[in-house]
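Engineer: I would like the atomic coordinates for the input below:
(2 chains)
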Number of protein chains: 2
Amino acid sequence: MKIIVDAFGGDNAPLEIIKGCAQAVQQLGVDIILTGRKDTIAHVARENTVSLDHMEIVDCPDVMNMNAAGTDILRSGKNSSMAVGLQLLAKGNGDAFVTAGNSGAVTAGATFLVKRIKGVKRIAFAPVIPCKKGFFMLVDAGANVDCKPEMLKQFGIMGSIYMKRVMQVESPRVGLLNVGTEEHKGGELQHGAFALLKDSPLNFIGNVEARDVPDGVANVLVADGFSGNVFLKSFEGVSMMVLGLFKGVLTKNMKNKLAASMVLGDLKALKKRMDYNEYGGAPLLGCAKPVFKAHGSATAKTLYNALRLTKSYVEGNVPDEIAKSVAAYKQKEAEQKAGTAE
Amino acid sequence: MKIIVDAFGGDNAPLEIIKGCAQAVQQLGVDIILTGRKDTIAHVARENTVSLDHMEIVDCPDVMNMNAAGTDILRSGKNSSMAVGLQLLAKGNGDAFVTAGNSGAVTAGATFLVKRIKGVKRIAFAPVIPCKKGFFMLVDAGANVDCKPEMLKQFGIMGSIYMKRVMQVESPRVGLLNVGTEEHKGGELQHGAFALLKDSPLNFIGNVEARDVPDGVANVLVADGFSGNVFLKSFEGVSMMVLGLFKGVLTKNMKNKLAASMVLGDLKALKKRMDYNEYGGAPLLGCAKPVFKAHGSATAKTLYNALRLTKSYVEGNVPDEIAKSVAAYKQKEAEQKAGTAE
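Structural biologist: Numbers count the residues shown, from 1 in each chain, chains lettered A, B, ... in the order given. I've put the predicted structure just below:
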């Protein structure tokens, strides 16, 4: 398996990126194509004694700015390490693409350079997030600010396939993010999506309130990109705030520091559980080929985990399964229409 | 000052409600009108030796179910302690109304029984929430699932007045909840609201991401009721999750329990800071008279705090100030229109 990696994506590129790749080569047995400035990559690898075995470098001069508008990838950023990587993937020069760079840019690039799966209305940004017991996937977390019910149904289908084939969840529970659990809650979008999801063969558990999500009620949380993004960022902001407040207590004075030292190991394990870097990031569901976005602050460990998940993403034939499922829905709808017309 | 209190609203009614009222009578010098079953109130007060001094009881037979649809207050719930309390307020028999009951019902009741301030498009549910430094107010947290830009502008105006006059924030920073800080972020609703808020004399600081809210970047966070509700419930769910995980660490074994005992006082202070019951609840902004919703799980302490804030809400003439401000905007708009027409 050959995975294309944007060597210049994220806050800690390129060193942490190539370190993560080196670990993946060793432990996962994958080959890597790095995109980015060849000289810099070679120099940084030499300085830090990181092996570039099983890695090929495709030289490209530019880097997508983390704050650039997403669609810049098609214009000023078209020679960036991200755009070149996506083009290589589109041409079939690798099995998947991983970047820790600009989220908007990779979403636009996946849509316009690699293209969507036939029948899929929109590519969704779908991070896997830790909760009390295990994980859940949020689809969509911000790629699509304005959504239609049909898009939300597809988010449910795609998330369900990913959780089944990559995260080994047998019959993923799909929930719709809403302001209450009753069927009538929410606006037009939620009413429409509820009806479509209820009518689908998915394991749809109905509306889910944001406060119950951390308990792990759903394996796949379906949302429009706006409220999904609000949810994701609240999750990040609030966990950071509470962790920060606890840290304040535990470092307040000598007595508290002593107490903290007694539970240090357990606190570290907890922090690790809450740490994004442990999980790698988010697949871009609906893209014709596997594209995976690692967290912008990705370290070597994050990148390694992103590559591990990407390997399962490729092995699980996720895009093919989504294509099959979407086609089957279309077929079913056409039959129902024909049936009604008769 | 006479505050009407729904004696049968919330999970711990009527005992905790009347205990909170008794404390408010003593410490705040207010008079209370309790609505609800007179016999039960008298019995519970006697059994628990709670004084009913300075409290009058208006007997009514029914209670609004916590899970009923909001508009039931106008039909099956029209003789409930909540409806009767709101009608008393509408008739001028008291200065404000406080309930810990069904949020949807009190919003519908405030809108249709007490009515809106002239010119205000919608009543907003506006909880005050703790953050790293102090508090912020979220407007709207769920009363209005579908919003227009003009409504969001009014949410900003109303929240700003409340934070200034009740919470003593000099020049409240008003932020718009969005998926990014740049002006172009979000959908049509956010673009429209951004333009209106920017053009207003409010201290508008622009778009705010959910992850930055716990840091206290904004004193007033403006949102449509759907994403506002998602934000509020994420906030609740995630803080509870992280607190729960910490509790797990601190009670894991004898050594950890010992460490926990050393920091117990500080942890309790922290938990108190994160505790909703400390803050009382949410005013219903835009209602012609002060209506205040306490948290459903209100204890005597919550009710006391709700009454304390309600007293400032009345003393600060918040509805009058909102009415003045909304009228001034209308005047300004009319002048601009006339100017354009000339």
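Engineer: Tell me where the stretch 101-250 of chain A has strands.
Structural biologist: Applying DSSP state E, counting those that start in this stretch to the stretch 101-250 of chain A gives strands spanning A:124-125, A:128-130, A:135-139, A:173-178, A:203-209, A:220-222.
Engineer: what's the closest non-adjacent residue to residue A:296?
Structural biologist: Distance criterion CB to CB, 6 or more residues apart in numbering or on different chains; nearest residue to residue A:296, sequence neighbours excluded, is residue A:10 at 5.3 Å. For every residue, glycine as well, the C-beta is placed using N, CA and C.
Engineer: quick one: the one you found and residue A:98 touch, right?
Structural biologist: No - at 10.4 Å, residue A:10 does not count as touching residue A:98 under the criterion of CB atoms under 8 Å.
Engineer: what residues do these two have in common as contacts?
Structural biologist: By CB atoms under 8 Å, 6 or more residues apart in numbering or on different chains, residue A:10 and residue A:98 have these common neighbours: residue A:294.
Engineer: what angle sits between the lengthiest helix in chain A and strand B:203-209?
Structural biologist: Counting by DSSP state H, the longest helix found in chain A is helix A:225-250. Inter-element angle recorded for helix A:225-250 and strand B:203-209: 100 degrees (by axes from the mean of the first three to the mean of the last three CA atoms, to 10 degrees).
Engineer: Could you give the average pLDDT over helix A:225-250?
Structural biologist: The average of the pLDDT scores along helix A:225-250 is 88.
Engineer: Following element in sequence after it, please.
Structural biologist: Next along the chain after helix A:225-250, taking DSSP states H and E as the criterion, comes helix A:254-262.
Engineer: Residues contacting the following helix or strand past that next one, please?
Structural biologist: Using DSSP H and E, the helix or strand that follows helix A:254-262 in sequence is helix A:264-274. Taking contacts as CB under 8 Å, 6+ apart, the residues outside helix A:264-274 that touch it are A:130, A:239, A:243, A:250, A:260, A:278, B:242, B:245-246, B:248-249, B:252, B:256.
Engineer: Nearest to residue A:312 among those?
Structural biologist: Nearest to residue A:312, judged by CB to CB, of the contacts of helix A:264-274 is residue A:278 at 15.7 Å.
Engineer: for chain A, what are the low-confidence residue spans?
Structural biologist: A:275-280, A:340-342 (pLDDT under 70).
Engineer: try 90
Structural biologist: A:65-70, A:103, A:129-135, A:180, A:182, A:184, A:214-215, A:235-281, A:295-297, A:329-342 (pLDDT under 90).
Engineer: residue ranges of the helices in it, please?
Structural biologist: A:15-28, A:38-47, A:81-91, A:103-109, A:149-165, A:188-198, A:225-250, A:254-262, A:264-274, A:300-315, A:318-341.
Engineer: about what we covered before: so residue A:10 and residue A:98 - more neighbours on which side?
Structural biologist: The neighbour comparison of residue A:10 against residue A:98 (other CB atoms under 10 Å in any protein chain shown) goes to residue A:98, with 33 against 25.
Engineer: buried set for stretch A:10-20?
Structural biologist: Buried residues in stretch A:10-20, counted by 16 or more other CB atoms under 10 Å in any protein chain shown: A:10, A:12, A:13, A:14, A:15, A:16, A:17, A:18, A:19, A:20.
Engineer: Output that stretch as CSV, restricted to C-alpha atoms.
Structural biologist: Taking C-alpha atoms only, stretch A:10-20 is exported to CSV below (Å, rounded to 0.1, in the frame of the first residue of the first chain):
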residue,chain,number,x,y,z
GLY,A,10,0.2,21.4,9.9
ASP,A,11,1.9,23.3,12.6
ASN,A,12,4.8,20.9,13.1
ALA,A,13,5.7,20.1,9.6
PRO,A,14,7.9,18.8,8.2
LEU,A,15,9.8,17.2,11.1
GLU,A,16,6.9,15.6,13.0
ILE,A,17,5.2,14.5,9.7
ILE,A,18,8.3,12.6,8.4
LYS,A,19,8.9,11.1,11.9
GLY,A,20,5.3,9.8,11.9
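Engineer: Flag every residue of the stretch 1-150 of chain A that's near chain B.
Structural biologist: Within reach of chain B by CB under 8 Å from any CB of the partner chain, the stretch 1-150 of chain A has these residues: A:69, A:131, A:132, A:142, A:145, A:146.
Engineer: Next up, the contacts around the closest residue to the first one other than its chain neighbours.
Structural biologist: Leaving out its chain neighbours, the residue that sits closest to residue A:69 by CB to CB, 6+ apart is residue A:104, at 6.7 Å. Residue A:104 makes contact with A:68, A:69, A:70, A:71 under the criterion CB under 8 Å, 6+ apart.
Engineer: Quick check: phi and psi on residue A:102?
Structural biologist: With angles defined as degrees, to the nearest 10, residue A:102 sits at phi -40, psi 120.
Engineer: wouldn't it be in contact with residue A:63 here?
Structural biologist: No - contact criterion CB under 8 Å: residue A:102 and residue A:63 do not qualify, at 9.6 Å.
Engineer: Mutual contacts of these two, please.
Structural biologist: residue A:82.
Engineer: Could you check which of these two is surrounded by more residues?
Structural biologist: Neighbour tally, residue A:102 and residue A:63, criterion other CB under 10 Å: the higher count belongs to residue A:102, 28 against 22.
Engineer: and the more buried one, how far is that from residue A:18?
Structural biologist: Noted for residue A:102: a distance of 19 Å to residue A:18, by CB to CB, to the nearest Å.
Engineer: Quick one: closest of the strands of the stretch 101-250 of chain A to residue A:288.
Structural biologist: Nearest of the strands of the stretch 101-250 of chain A (CB to CB): strand A:124-125, 13.8 Å.
Engineer: At the geometric centre of chain A, which residue sits there?
Structural biologist: By CA atoms, centre = their mean, chain A has its centre lying nearest to residue A:282, at 0.8 Å.
Engineer: Identify the residues contacting that one.
Structural biologist: So residue A:282 contacts A:125, A:126, A:127, A:128, A:141, A:292, A:293 (CB under 8 Å, 6+ apart).
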